[in-house]
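Trainee: Okay, predicted coordinates and the sequence, questions at the end:
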Amino acid sequence: MFLDLAIARLSQDFQHILDLSAGKPLKLSEIIHILHGRGINILLILLGLPFCIPIPLPGVSTPFGLIILFIGLRLALRKKPWLPQHLLNYEIPYLTLARLIKVGLAASSRLEKILYPRFLFFNRWKAFNILNGFLIMLNGFLLFLPLPIPFSNTIPAWSIVLLGAGLMEEDGIVIVVSYFVSAAAWGYLIMLYYAGKTGMTFFGY
């Protein structure tokens, strides 16, 4: 029952956003208002999705990454999720929104196999709330930087999507998986940094 309710709501949330857009751009403030208390977590999923799959959506890396970073910062500080007005006024074009929703609906069909409330303390304990916000902030920072490195956006974006879904449905297992994905993202970049540094030293630079 929990499973069916969770996925039904997630899929319905995505479809609801698309229906209310009525072929027009939507501001972030409108999306948050449409989804009420679930708005921030849905927003994390929606903004992380473009980086997870090879869909060319030019110009979204910096604004989407900045918004995710700011949400994470607020959560890490144990503050109520809040965005500056200029970010709330950011409009997602309808064509971009429709493509994101299409991907979101496809992702929902996969999440239905794993997503339901369990190990609730990962979403309710103060220490984990701070950790969750900190990881969202760190991975948002990676998305904010348009690094010309393969998978430098994809891995942290998956961490954000999984963490957003886990927080929304209070699924501690999915939250923990997002921790490992986040560690893989930063481990990958650190490995590339040291590999590049070693290579430059080897060739005398």
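Mentor: Structure received.
Trainee: contacts and neighbour counts: CA atoms only from here.
Mentor: Will do.
Trainee: does the spatially closest residue to Ile71 that is not a sequence neighbour sit in a helix or strand, and which one?
Mentor: Nearest non-adjacent residue to Ile71, counting by CA to CA, 6 or more residues apart in numbering: Pro81, 6.2 Å away. Per DSSP states H and E: Pro81 is located in neither a helix nor a strand.
Trainee: State the distance from Pro81 to Ile40.
Mentor: Relative to Ile40, Pro81 is positioned 7 Å away (CA to CA, to the nearest Å).
Trainee: likewise Asn123?
Mentor: Relative to Ile40, and taking CA to CA, Asn123 is found at 14 Å.
Trainee: okay, now Asn123: neighbour count?
Mentor: Residues lying near Asn123 (other CA atoms under 10 Å) number 22.
Trainee: Next: Ile114.
Mentor: 12.
Trainee: ok, now which ones touch it?
Mentor: The contact partners of Ile114, by CA atoms under 8 Å, 6 or more residues apart in numbering, come to Val174.
Trainee: Check what pLDDT it gets.
Mentor: At Ile114, the model reports a pLDDT of 80.
Trainee: which stretch of helix or strand covers it?
Mentor: Under DSSP H and E, no helix or strand contains Ile114.
Trainee: Comparing Pro81 and Ile40, which residue is more hemmed in?
Mentor: Using other CA under 10 Å as the criterion, Pro81 and Ile40 rank with Ile40 on top: 21 against 14.
Trainee: Assumed the more buried one was part of a strand.
Mentor: No: per DSSP: H, G, I helix; E, B strand; the rest coil, Ile40 lies outside any strand segment and is helix.
Trainee: give me the element the closest residue in space to it that isn't next to it in sequence is part of.
Mentor: Spatial nearest neighbour of Ile40, chain neighbours left out: Ile32 (6.5 Å); criterion: CA to CA, 6+ apart. Element membership for Ile32 (DSSP H and E) is helix 28-35.
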